[in-house]
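> My questions concern the predicted model and sequence given below.
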Amino acid sequence: MTVAEWCVFGTLMLYLLTIAAAKWTAIGRFDNSNPRDPAFYDDPIRARALGAHQNGIEAFPFFAFAVLLAEFRVGPLRLIDELAVLFLIVRIAYVFTYLGNRPTLRSILWTIGFAINVAIFFLPAVRGYLTA
């Protein structure tokens, strides 16, 4: 497996762990028989964890598709790997800024992450213009 493919897995785990951590830290208050109870997310940190989790679900498909497309279309593998690692780092920082209630920084990180995805997506189209 490539580094980028491991980053796809890491991104998946990140959005799962984001909500799992909110549930684990609320032992006794989380009702697994009613996991989508809106009252559970009344707590501000849990509400932000839910928001970060949902955004991770939204961001994941484009990232995974961009990585696979770039690899299948023989984009420059090293650059795909580097951008995928950078995306994962940005997503980790994004989760922390979401949990820390830093909306401006969070939006900046979201924009950077989206730009990285676009770059990965178009790598096969520009590979002829890139130096080896």
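On my side now, so go ahead.
> Name the residues of the longest helix anywhere in the chain that come out as buried.
In the chain, ranked by residue count with DSSP state H as the criterion, the top helix is helix 44-72. Using 16 or more other Cβ atoms under 10 Å as the test for burial, helix 44-72 gives 46, 48-53, 55-56, 59-60, 63-64, 66-67, 69-71. No exception for glycine: its C-beta is placed from N, CA and C like everyone else's.
> now swap in stretch 70-85 and tell me
Applying 16+ other Cβ under 10 Å to stretch 70-85 flags 70-71, 75-76, 79-81, 83-85 as buried.
> Report all helices and strands that the longest helix of the chain contacts.
Judged by 3 or more Cβ pairs under 8 Å, 6 or more residues apart in numbering; DSSP states H and E, helix 44-72 is in contact with helix 3-24, helix 77-99, helix 103-126.
> so what secondary structure elements neighbour the shortest one?
Translated: helix 3-24. helix 44-72, helix 77-99.
> For those, could you give me TSV that also reports mean pLDDT and distance to Thr18?
TSV is the format used below for the helices and strands packed on helix 3-24 (pLDDT from 0 to 100; distance: least, Cβ to Cβ, whole Å):
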stretch	mean pLDDT	distance to Thr18
helix 44-72	96	5
helix 77-99	97	5
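> closest to Asn117 out of the ones you listed?
Proximity to Asn117 (Cβ to Cβ) singles out helix 44-72 among the helices and strands packed on helix 3-24, at 5.1 Å.
> sorry, back to before: for Thr25, which of the helices and strands packed on helix 3-24 is the nearest?
helix 44-72 (8.4 Å).
> how about Ile27, phi and psi?
Ile27 adopts backbone torsions of phi -60, psi 130, taken as degrees, to the nearest 10.
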